[in-house]
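Undergrad: Fold the following for me, if possible:
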Amino acid sequence: MAIIIWSSLTSQQPFDIPKIVELHSMANQTRKTEWLNSIITLIESVDYDYVQSCSISVVPEGLKKWNEDAYIPRKVSIGPQFMGWREDLLLIEEVKLRCMLSLIHRGAGAARESLKKCSEAVWELDEKVRASYVTSLKFEQQELAKIMLLDGCFLLELLISKSEGSKGLNSRLKSRLKPSGPAAEVLKDDDVLSDLMLLENQIPILVLHELFQTLFPNVLELDRAKKMQIMEDASTSHQEKHKRIEKLKKETRANKINDLALTVLGYSSIQLPCLHAPHILDLVHFFVNTGTGERETEGEGNNHVLIEDGVVNTESKKLKLKSCALSLQAAGVSFKVLEDRDEAISCFDLMRNYFRGVLVRLRNIIFNTEQVDVAVREVKGLDFNFKFRMGKLEIAQLHITETTKAKWRNVIVWEHHKKNGKSSSSSTQSLTSPIGKFTSSALIFHGLICCSADVIFLKEKKIIVDHTKMSNGELKEFFRTMSFGVDPGIVDSSYVQLVNELNNYSDVFFILRILKLSWHFSICCLERLIKFLKEDYNFVAALLALLSVVQTVYALLAYYLSK
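TA: Numbers count the residues shown, from 1 in each chain. As a prediction, this is how the structure comes out:
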């Protein structure tokens, strides 16, 4: 057999060695070119529009070990990081496919042709997508493109479905799919919306931009004034005008996608400067730190102090809130819910909400249905605001839901990521804006709450609204663990000033203040003692120790009294 095989091989044409060497050299050159292109893409994407190198990071172990469940998706995995992580995350894959079907049926052309164009557009993004992740993606190009296409279409369908009204995209880009897609129902699931804010559960927002441009290239109307200004500029060439028009289209698309993403996550729609955020979490972070900050500066009593980054870091590491909520009250500080000017409603709206609540309760009583917590549905995007002036501490109302922990902790991790210089928004405004609002808030609430009595006090003041029905002790532990692993150097100048003013404030007669503090201190000590006795066998050990002390005292008394 071996002789036959050998003879058949020797009878064939001799190998073309030079050609084989040439093909091998060409293959090596192709791999080298692909590798070089990936390096160039990585470098050019460090701070370029909405593509930023290593912008989708991983949670550091120092932060992850304290609240590991806060960084893992509950319902939906987005991107490659949690692909196949748990079987229950695969249940929503069919929902994603139906959302993608609904999206491609919104385009002007045939659905099959739209799908083909989207697939080709996403396929070309491979190098930029890989450059966006800190970790090296082990997926083949075909598999990675499939993930980006499916998740990108899913997210874009959610955004468009949220754009309601006669002029909204949901009406203008009506899906021809019957029955309609499930996006409207998905948007009601707070677990899904929370998963969209997880740091490791992101895809580059570039994917959404490319899909939008591919499917709806001429849907968004440009600013007429800006467009006319460009067209009437006689000093620029036709080619330069075309470039400026394309840039204006890009900015208009970015503003629209950013606005829709914030609306989906429950944040009020305000006009932000054009921001090329690399992903949704960075967009939320920029909004809560800059968008709301700009609104505060419009009002009176803005006490922010500009402090250089180095000074803030040095002072903040030594500075913390020394007094809890009840101790501050004993010092003369009054607490109040900070009113949101955006939430002002008319008398008609107030009456409508009142009667709606009455009808809901009547329905629950008549049909014996479960009570629905209407307030939870009205909860807006997670945000924090503190204002201290003339002895009055105003705090924005904080609604505690099942997803608050995940949202809060993931923004904290992203603040650490940005502060360490690993990533920064391409917008120059973000470089001068506060970047540690969620970190500062975690430290402030941790300082305000030292025992269950502080929780009760803040709940009575309507500053904390708990929708999870946790006990006061559990809420105390919730706020305590929220600051675990946090670097105090992340805070900004507003935190330094607020804590300084609260620590140094006193407007109550000294004796009265001492009495109030002593009473509160005794309550805290009693609570800690009860907690200690509940752990393991501490109660038995303490009881035995107490009996031993009593026995010793009686023995000593018997000895001395017998003399």
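Undergrad: Provide a list of residue ranges in this structure with pLDDT below threshold.
TA: By pLDDT under 70, the weakly predicted segments of the chain are 1-51, 223, 269-274, 291-318, 340-379, 421-435, 507-544, 559, 563.
Undergrad: And it, split by domain according to the record?
TA: Domain ranges of the chain: 2-44, 61-290, 304-507, 512-561, per automatic domain parsing.
Undergrad: For stretch 474-488, buried residues please.
TA: Of the residues in stretch 474-488, 475-476, 478-479, 481-483, 485-488 count as buried by neighbour count, 16 or more other Cβ atoms under 10 Å. All C-beta spots, glycine's among them, are computed from the backbone N, C-alpha and C.
Undergrad: go on, stretch 395-404?
TA: Applying 16+ other Cβ under 10 Å to stretch 395-404 flags 395-401, 403-404 as buried.
Undergrad: Now the two most distant members of those residues.
TA: Greatest spatial distance among these (Cβ to Cβ): 395 and 403, at 20.6 Å.
Undergrad: residue ranges of the strands in the chain, please?
TA: 334-338, 386-389, 392-396, 398-400, 464-466 (DSSP state E).
Undergrad: Name the strands paired with the third one and say parallel or antiparallel.
TA: Translated: strand 392-396. Take DSSP bridges as the rule and strand 392-396 pairs in its sheet with strand 334-338 (parallel), strand 386-389 (antiparallel).
Undergrad: Can you give the contact residues for the first one?
TA: Contacts of strand 334-338 with the rest of the structure, by Cβ atoms under 8 Å, 6 or more residues apart in numbering, involve 325, 328-329, 385-387, 391-397, 457-458, 461-463.
Undergrad: Which of the buried residues of stretch 474-488 fall within helices?
TA: Among those, the members falling in helices (DSSP state H) are 475-476, 478-479, 481-482.
Undergrad: Could you single out the nearest of those residues to residue 415?
TA: Nearest member of these to residue 415, counting by Cβ to Cβ, is residue 482, at 13.2 Å.
Undergrad: so how far is residue 76 from that closest one?
TA: Separation of residue 482 from residue 76 (Cβ to Cβ, to the nearest Å): 24 Å.
Undergrad: residues contacting residue 195?
TA: 73-78, 201, 406.
Undergrad: which residue packs closest to it, ignoring adjacent ones?
TA: residue 73 (4.2 Å; Cβ to Cβ, 6 or more residues apart in numbering).
Undergrad: hang on, the one you found packs against residue 79?
TA: No - look at residue 73 against residue 79 with Cβ atoms under 8 Å: they stay out of range, at 10.1 Å.
Undergrad: Nearest to residue 548 among the buried residues of stretch 395-404?
TA: Of all the buried residues of stretch 395-404, residue 548 sits closest to residue 400, with 44.0 Å by Cβ to Cβ.
Undergrad: any residues in contact with both of residue 73 and residue 79?
TA: residue 201.
Undergrad: re the thing from before, single out the most deeply packed of the strands paired with strand 392-396.
TA: Ranked by mean neighbour count, the strands paired with strand 392-396 are led by strand 386-389 with a mean of 17 (mean count of other Cβ atoms under 10 Å).
Undergrad: which outside residues touch it?
TA: Strand 386-389 is contacted by residues 296, 301, 303, 333, 338, 393-396, 441, 444, 494, 498, 501-502 when judged by Cβ under 8 Å, 6+ apart.
Undergrad: Show me just the buried residues among these.
TA: The neighbour count (16+ other Cβ under 10 Å) marks 333, 393-396, 441, 444, 494, 498, 502 as buried among the contacts of strand 386-389.
Undergrad: what's the most distant pair in the buried residues of stretch 474-488?
TA: Farthest pair in the buried residues of stretch 474-488, by Cβ to Cβ: 475 and 487, 24.3 Å.
Undergrad: still on that earlier bit, filter the contacts of residue 195 down to the buried ones, PyMOL style.
TA: To isolate the buried members of the contacts of residue 195 in PyMOL, using 16+ other Cβ under 10 Å:
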select buried, resi 73+74+75+76+77+78+201+406
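Undergrad: can I get the contacts of residue 195 in TSV with distance to residue 88?
TA: Listed next are the contacts of residue 195 as TSV, based on distance: Cβ to Cβ, whole Å:
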residue	distance to residue 88
73	10
74	9
75	8
76	10
77	10
78	15
201	15
406	16
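Undergrad: Now render the buried ones among the contacts of strand 386-389 as JSON lines, adding distance to residue 66.
TA: Converted to JSON lines, the buried ones among the contacts of strand 386-389 look like this (distance: Cβ to Cβ, whole Å):
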{"residue": "333", "distance to residue 66": "30"}
{"residue": "393", "distance to residue 66": "28"}
{"residue": "394", "distance to residue 66": "30"}
{"residue": "395", "distance to residue 66": "24"}
{"residue": "396", "distance to residue 66": "25"}
{"residue": "441", "distance to residue 66": "17"}
{"residue": "444", "distance to residue 66": "18"}
{"residue": "494", "distance to residue 66": "25"}
{"residue": "498", "distance to residue 66": "25"}
{"residue": "502", "distance to residue 66": "26"}
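Undergrad: returning to what we had before: can you add distance to residue 240 and give the buried residues of stretch 395-404 back as CSV?
TA: Converted to CSV, the buried residues of stretch 395-404 look like this (distance: Cβ to Cβ, whole Å):
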residue, distance to residue 240
395, 51
396, 46
397, 51
398, 50
399, 50
400, 54
401, 51
403, 48
404, 49
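Undergrad: Out of these, flag the one nearest to residue 126.
TA: Using Cβ to Cβ, residue 403 comes nearest to residue 126 of these, at 32.6 Å.
Undergrad: For the nearest residue to that closest one once chain neighbours are set aside, give me its contacts.
TA: The shortest distance from residue 403 to any non-neighbouring residue, by Cβ to Cβ, 6+ apart, is to residue 194 (3.5 Å). Applying Cβ under 8 Å, 6+ apart, we find residue 194 in contact with 74, 403, 406-407.
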